[in-house]
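Asker: here is a sequence together with a model predicted from it:
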Amino acid sequence: MAGPYTTGKVLDAIGSGDGVTAGAVGMAAAAGATSVLFSGCWGSLFMLLMARLRQSLSLRLFSHLVHQDLDFFQGTPAGDIFG
């Protein structure tokens, strides 16, 4: 959200004849750094959620396999169970 605002401010500064000032460049750099920071946090959160989902599903699968009757394991080849 800050990217278009800061880009507009820099373009306004150039259009008004002030040129590119240190403040405008600093504001654009800060907006870019903030964007990178929040994008990294979003990606990390997504990876954490996917890891937790994978772990939860693996534990549920193992729990269901452990609670199967013995007849299930005698009648089903191991390759079909774990493949």
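Answerer: Good, I have the coordinates. Residues are numbered from 1 along each chain as shown.
Asker: next structured bit after the longest helix along the chain?
Answerer: Counting residues, the longest helix in the chain under DSSP state H turns out to be helix 22-66. The helix or strand immediately downstream of helix 22-66 is helix 70-75, counting by DSSP states H and E.
Asker: report the distance from stretch 5-16 to the chain centre.
Answerer: Stretch 5-16 sits 31 Å away from the centroid of its parent chain (CA atoms, centre = their mean, to the nearest Å).
Asker: which parts of that stretch are buried?
Answerer: For stretch 5-16, burial by neighbour count (16 or more other CB atoms under 10 Å) applies to 6, 9, 10, 13. Quick note: C-beta positions are derived from backbone N, CA and C, even for glycine.
Asker: poorly predicted segments of this structure, please.
Answerer: When the per-residue scores of the chain are filtered using pLDDT under 70, the ranges that remain are 1-3, 18-20, 83.
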